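# No letters, just coordinates:
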C-alpha cells in the first residue's frame, strides 16, 4: 500500500517537473525571439562604421551609454571660434 502511494507520488512529481521544464523552455524561446526583433540587422551594424556624424546611444534612464563615430564632430557656433584660427 505505502509502496503504491510512493510510486503514484513519484509519477506525479515527474509529470509536474516535466510540465515545468517545458514551460520554462517555451518562455525562454519566446523571450529570445523578442530580443532578436529589437536588435538591428547585420547591414545596419556594418553601416555604423561609416557614419558622418556621431551617434549617441542612451540607456533606459536617458543617460548617455556610449557614442559611435568615425570622426567626432562637435557643432560650435561661429561666434565661439577664434578669429585667429
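Arrived safely, thanks for sending. Keep in mind that what you see is a predicted model, and the values were worked out from it rather than measured.
# Please make it C-alpha for all contacts and neighbour counts, starting now.
Fine.
# SS state for the most centrally placed residue in the chain?
For the chain, the residue nearest the mean C-alpha position is residue 35 (5.6 Å; CA atoms, centre = their mean). Put simply, residue 35 is helix when judged by DSSP: H, G, I helix; E, B strand; the rest coil.
# wait, what's in contact with it?
Residues counted as contacts of residue 35 (CA atoms under 8 Å, 6 or more residues apart in numbering): none.
# and the gap between it and residue 62?
In this view, residue 35 and residue 62 are 20 Å apart by CA to CA, to the nearest Å.
# again, but for residue 11
52 Å.
# Of these two, give the one with the bigger neighbour count.
residue 11 (12 against 8; other CA atoms under 10 Å).
# Now do the phi/psi pair for the more buried one.
Phi and psi for residue 11, reported as degrees, to the nearest 10, are phi -60, psi -40.
# Kindly list the single helix or strand of this protein that scores lowest on mean pLDDT.
helix 42-47 (a mean of 77; mean pLDDT, DSSP states H and E).
# Within the sheet, what are the partner strands of the helix or strand just after that one, with directions?
Under the assignment DSSP states H and E, the closest C-terminal helix or strand after helix 42-47 is strand 55-58. According to DSSP bridges, strand 55-58 forms sheet pairs with strand 64-68 (antiparallel).
# So what's the model's average confidence on the partner strand?
Mean per-residue pLDDT for strand 64-68: 86.
# Return the set of buried residues in that strand.
By 16 or more other CA atoms under 10 Å, strand 64-68 has no buried positions at all.
# low-confidence ranges in the chain?
Residue ranges of the chain with pLDDT under 70: 48-52.
# surely residue 55 meets residue 71?
No. The criterion here is CA atoms under 8 Å, and residue 55 misses it with residue 71 at 10.7 Å.
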